[in-house]
Structure formats: structure tokens, C-alpha cells
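> Need a 3D model of the following:
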Amino acid sequence: MSNLGGTPTTPSQRHHWRRNLRLTAWLLVVWSLVTFGVAFFARELSFSFFGWPFSFWVGAQGSLLVYVILIAVYAHQMARLDVAHGLNED
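Presented below is the predicted three-dimensional model:
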């Protein structure tokens, strides 16, 4: 287990923590690209999509879908990681 400071003590816990940080970092990169990248390039996305400007649709709907997908990916990958390291809850 871990000590009172919260740092992992076993090699398995350290590996689990590094994989968790790597996954979180990649998902934050995707999040930041979706959040700031679409807003930055919104003017170049100026074509009609179901009667609305595509930039409006991506900003209002598409980014929300990506956020939900990011949450699902994180939950799925962490469940797999927990099982691989014997940390899953029954």
C-alpha cells in the first residue's frame, strides 16, 4: 500500500501511477486541442452544416461530444489499468 504522504511505495503502484499520469496528460492534450483549437480556427470552418455555420455546430455540440468521449475513454482505460494491477473494486 502507500504511506501517509500518498506516494506509491511498490513498483506496481509506481507503474500504475505513471500510466495514470500518462493517460491523463494525453487526454488533457486532446481536451485542450478541442477547446482552444476549434475556437482558434473557427473562422476557417465557415460552411453551412444542416443550416447552421459549422463553427457554431462544432463549438456548441461537437466539443461536448468529445468531452463525453474523453470521460468514457478515461473510465474504460482506468478500469483496465486497475484490473491489470490488481486494484479493481468488486
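> Please list all residues in contact with the closest residue to V34 other than its chain neighbours.
Leaving aside its sequence neighbours, V34 sits nearest to V66 (C-beta to C-beta, 6 or more residues apart in numbering; 4.8 Å). C-betas here are computed from N, CA, C, even on glycine. By C-beta atoms under 8 Å, 6 or more residues apart in numbering, the contact list for V66 reads V30, W31, V34.
> For the host helix or strand of V66, list every residue counted as buried.
Assigned by DSSP states H and E, V66 belongs to helix 63-84. By neighbour count on 16 or more other C-beta atoms under 10 Å, the buried set for helix 63-84 is S63, V66, L70, Q77, M78, L81.
> try stretch 35-43
For stretch 35-43, the neighbour count (16+ other C-beta under 10 Å) marks V38 as buried.
> what about T7, which SS state?
coil (DSSP: H, G, I helix; E, B strand; the rest coil).
> Show the pLDDT at L33.
We note a pLDDT of 91 for L33 in this prediction.
> now swap in N3 and tell me
The model's pLDDT for N3 equals 54.
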